[in-house]
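Enquirer: Sequence first, then the predicted structure, then my questions.
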Amino acid sequence: MSDIELPQQGIAWDQLEQELLDAGRGDVDWRGGRVPMFIHYAGEDALQVAKKAYAMYFSENGLGPRAFGSLARFEREVVAMGLSLLHGGPGARGAMTTGGTESIFLAVKCARDRARAQGRTGPLSIVLPLSAHPAFDKAAHFMELQVARVPLGQGFLADPAAMEAAVTPQTILLVGSAPAFPHGVVDPIAELAAVAQRRGLWMHVDACVGGYFIPFARQLGARVPDFDFAVPGVTSISADLHKYGYTAKGASTLFFAHEEDFARMGWHFDGWPRGQYFTHSLVGTRAGGAIAAAWAVLRFLGRDGYLRITQRVLATRARLQQGAAALGLPTLGDPQLSILAYGSPERDMAAVGQGMTDRGWTMGYVRAPDGLHHMLNLTHEPVAELYLAHLAEVLRDPATRRTGPGGQGVQAHY
Ligand SMILES: Cc1ncc(COP(=O)(O)O)c(C=O)c1O
């Protein structure tokens, strides 16, 4: 039992502000580029826009579009901007959600509902590449769907032939990631969508990381094949605003190629005294601030702003990639975007990670094969050389050499 209780008397803001500041002192220094994920920073100006817009709509509630026409309009316009980046056709639709997990959950739910509406009975299953985000398993668990996770092919990419072989009469959904979180590589979406079309399956593209990054990266020369609604057979796409849209946390988008599939996102209830209840989200109340901030940041940065930031993130990835490879830690796969994993079987990557941790870096890891993992943003740009210098120092320690098959392997927790 905790000895913390609600204070009898309220505490003045001055004291609370100090306590809040003090509480954060032990947290990782994200502004100093010391954390390899969780944060997406696009500069102080974009952050201030997000905070101000959030504060302006702090009390408003996205559950009430009748009351808050402003939020309904912001959401419509955010969705339209997203669809214009992702080649949505005239029938394409979408909505905002509170994050990638909710977007994925709802995509899986819509696929499930469509299958049931088509008369599919009994157990249903979804087929994922091994690299897909756990949100799919979480959704499947909640909805009592079975999951087949399929081993990756060359370059840590989804293997369309193996995925097709995993399809059974129960399968309703195929997933590809753009990019997948572990190695930052974009699955062969066109090939996967072709399988989905052949088998009559729902094809979801998880572009939670890449939805607001790849369009700009491609413009800057990143070698990423078509991954969005330009690909025939793609049914839905999740794209997080609170990642590379650089807006306040609590904002993602879920898009559908066709209006009738989008309609499955909506949920209507009228069986209680308070009357009609309708949402197209999993949650009820939605932070108005998150919706307003997304609208404001997208328009504050514009295409030019996103291009400028993307270019710097790509350059940081290339520098870390080249620097780590020069130290004998080659990149795992061929990432073209903002995520990088690297490692060597000649090194005990857990020991390398520990050495970096000892020097003040919060480390991310991948497993099988073991490696270090980075999802980059502008906070990493000014410390890339320091990071590599520390890495070089750590690698000089003979304890990081792997002499046999032993070692614990990395603990790849969040
Ligand atoms: C590829 C991918 N999909 C989905 C998610 C889940 O997003 P969220 O944490 O916003 O729920 C993440 C989070 O990192 C991700 O990397």
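Expert: That came through fine.
Enquirer: which residues touch the single nearest residue of the chain relative to the ligand?
Expert: Nearest residue of the chain to the ligand: Gly100, at 2.3 Å (C-beta to the nearest ligand atom). C-beta here means a position set from N, CA and C on the backbone, and glycine is covered the same way. By C-beta atoms under 8 Å, 6 or more residues apart in numbering, the residues touching Gly100 are His133, Ala135, Asp206, Cys208, Ser238, Asp240, Lys243, Ser252.
Enquirer: pretty sure the first one is touching Pro179, no?
Expert: No. His133 sits out of contact with Pro179 when judged by C-beta atoms under 8 Å, with a separation of 10.9 Å.
Enquirer: In terms of neighbours, single out the busier of these two.
Expert: For His133 and Pro179, the more surrounded residue by other C-beta atoms under 10 Å is Pro179, and the numbers stand at 30 against 20.
Enquirer: wait, doesn't the more buried one sit right on Gly210?
Expert: Yes. At 5.3 Å, Pro179 and Gly210 qualify as touching, with contact defined as C-beta under 8 Å.
Enquirer: so what's in contact with these two at the same time?
Expert: With C-beta under 8 Å, 6+ apart, Pro179 and Gly210 have common neighbours Val186, Leu337.
Enquirer: Go ahead and list the helix or strand containing Glu144.
Expert: For Glu144, there is no host helix or strand (DSSP states H and E).
Enquirer: Model confidence at it, what's the number?
Expert: On pLDDT, Glu144 comes in at 98.
Enquirer: Could you check how far it is from Pro123?
Expert: Glu144 sits 8 Å away from Pro123, going by C-beta to C-beta, to the nearest Å.
Enquirer: same thing with Pro330?
Expert: Taking C-beta to C-beta, one finds Pro330 at 42 Å from Pro123.
Enquirer: More neighbours: which of those two?
Expert: Shown here are Pro330 and Pro123; by other C-beta under 10 Å, Pro330 has more neighbours (13 against 10).
Enquirer: and the more buried one, what does it touch?
Expert: Going by C-beta under 8 Å, 6+ apart, Pro330 touches Ala324, Tyr342, Gly343, Ser344.
Enquirer: Next step: those residues restricted to helices.
Expert: Per DSSP state H, helices hold the following members of the contacts of Pro330: Ala324.
Enquirer: Pull up the residues of the stretch 251-400 of the chain that are close to the ligand.
Expert: Taking C-beta under 6 Å from any ligand atom as the criterion, the ligand has no neighbours within the stretch 251-400 of the chain.
Enquirer: can you map out the strands along the stretch 251-400 of the chain?
Expert: Residue ranges of the strands in the stretch 251-400 of the chain, as given by DSSP state E, counting those that start in this stretch, are 252-256, 267-269, 277-279, 339-342, 364-366, 371-375.
Enquirer: Tyr306 and Ala217 touch, don't they?
Expert: No. Using C-beta under 8 Å, Tyr306 is not in contact with Ala217, being 9.7 Å away.
Enquirer: where in the chain is pLDDT low?
Expert: 1, 405-408, 412-414 (pLDDT under 70).
Enquirer: Domains in it, by residue range?
Expert: The record, using automatic domain parsing to delimit domains, assigns the chain the ranges 50-298, 303-394.
Enquirer: Near the ligand, which residues of the stretch 51-200 of the chain are found?
Expert: Residues of the stretch 51-200 of the chain that fall close to the ligand, judged by C-beta under 6 Å from any ligand atom: Gly99, Gly100, Thr101, Ile104, His133, Ala135, Ser177, Phe181.
Enquirer: Adding secondary structure, write these out as CSV.
Expert: Output for those, formatted as CSV (DSSP: H, G, I helix; E, B strand; the rest coil):
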residue, secondary structure
Gly99, coil
Gly100, helix
Thr101, helix
Ile104, helix
His133, coil
Ala135, helix
Ser177, strand
Phe181, coil
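Enquirer: between His133 and Pro179, what contacts are shared?
Expert: Common neighbours of His133 and Pro179 (C-beta under 8 Å, 6+ apart) do not exist.
Enquirer: Now, of the contacts of Gly100, which are buried?
Expert: Burial of these was assessed by neighbour count (16 or more other C-beta atoms under 10 Å); the buried members are His133, Ala135, Asp206, Cys208, Ser238, Asp240, Lys243, Ser252.
Enquirer: right, and the pair among those with maximum separation?
Expert: Using C-beta to C-beta, the buried ones among the contacts of Gly100 span at most 13.2 Å, a distance reached by Ala135 and Lys243.
Enquirer: Would you confirm that Ala53 contacts Trp295?
Expert: Yes. The pair Ala53 / Trp295 is scored as a contact, 7.2 Å apart, by C-beta under 8 Å.
Enquirer: Spit out the contact partners of Arg198.
Expert: Shown in contact with Arg198 (C-beta under 8 Å, 6+ apart): Glu164.
Enquirer: next one: the one 5 residues further on
Expert: Shown here is Met203, whose contacts under the criterion C-beta under 8 Å, 6+ apart are Leu173, Leu174, Val175, Gly176, Leu192, Ala193, Ala196, Gln197, Gly233, Val234, Thr235, Ser236.
Enquirer: One more: Phe278?
Expert: Phe278 neighbours (C-beta under 8 Å, 6+ apart): Gly266, Trp267, His268, Phe269.
Enquirer: can you map out the helices along the stretch 201-350 of the chain?
Expert: 214-219, 259-262, 288-326, 349-358 (DSSP state H, counting those that start in this stretch).
Enquirer: And those helices: which comes nearest Ala80?
Expert: Ala80 lies closest to helix 288-326 among these, at 10.3 Å (C-beta to C-beta).
Enquirer: For that closest one, which helices and strands make contact with it?
Expert: Packed against helix 288-326 by the contact rule (3 or more C-beta pairs under 8 Å, 6 or more residues apart in numbering; DSSP states H and E) you find helix 44-56, helix 69-85, strand 93-97, helix 214-219, strand 339-342, strand 371-375, helix 384-395.
Enquirer: And it, what's buried?
Expert: For helix 288-326, a neighbour-count test (16+ other C-beta under 10 Å) marks 288-298, 300-301, 305-306, 309-310, 312-314, 316-317, 319-321, 323-324 as buried.
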